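Participant: this one's sequence-less:
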């Protein structure tokens, strides 16, 4: 059987979850599908970032291959 403190904690956690759900729902209602131009720009920037990180990793890899010699 639950005592008073356990029931109070359960009610508090439910209220927190409900408030969090309301915040998420508000964001989802404001969200919209990006235009083709916006999507293209975001995709180009993301691809450039991935290529840059890959290039840095490749350079570090090559340095580590040459360094022990």
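Facilitator: All right, it came through fine. Keep in mind the model is a prediction, meaning the values are calculated, not measured.
Participant: contacts for stretch 41-57?
Facilitator: With contact meaning C-beta atoms under 8 Å, 6 or more residues apart in numbering, stretch 41-57 is reached by residue 34. The way it works is simple: take the backbone N, C-alpha and C, and place the C-beta from them, glycine included.
Participant: Can you list phi and psi of residue 67 for me?
Facilitator: When read as degrees, to the nearest 10, the backbone of residue 67 gives phi -60, psi -50.
Participant: Going forward, the N-terminal residue is numbered 39.
Facilitator: Got it, the first residue is 39 from now on, which makes the last one we talked about residue 105.
Participant: I'd like to know how far it sits from residue 61.
Facilitator: Distance check for residue 105 against residue 61: by C-beta to C-beta, to the nearest Å, it reads 50 Å.
Participant: before we move on, what about residue 76?
Facilitator: Taken as C-beta to C-beta, the span from residue 76 to residue 61 is 24 Å.
Participant: With residue 94 instead?
Facilitator: Residue 94 is 37 Å from residue 61, by C-beta to C-beta.
Participant: Also residue 86?
Facilitator: 32 Å.
Participant: same deal with residue 55?
Facilitator: Note on residue 55: its distance to residue 61, by C-beta to C-beta, is 11 Å.
Participant: and if you look at residue 107?
Facilitator: Here the criterion is C-beta to C-beta. By it, residue 107 lies 57 Å from residue 61.
Participant: okay, those two: which has more neighbours?
Facilitator: The neighbour count for residue 107 versus residue 61, taken as other C-beta atoms under 10 Å, is higher for residue 61 (9 against 4).
Participant: Can you check the pLDDT for the more buried one?
Facilitator: With respect to pLDDT, residue 61 has a value of 84.
Participant: so is it in a helix, a strand, or just coil?
Facilitator: At residue 61 the chain is in helix, as set by DSSP: H, G, I helix; E, B strand; the rest coil.
Participant: Quick check: the gap between it and residue 54.
Facilitator: 11 Å.
Participant: residues near residue 69, how many?
Facilitator: By the criterion of other C-beta under 10 Å, residue 69 has 8 neighbours.
Participant: Look up phi and psi at it.
Facilitator: Main-chain dihedrals, residue 69, degrees, to the nearest 10: phi -70, psi 150.
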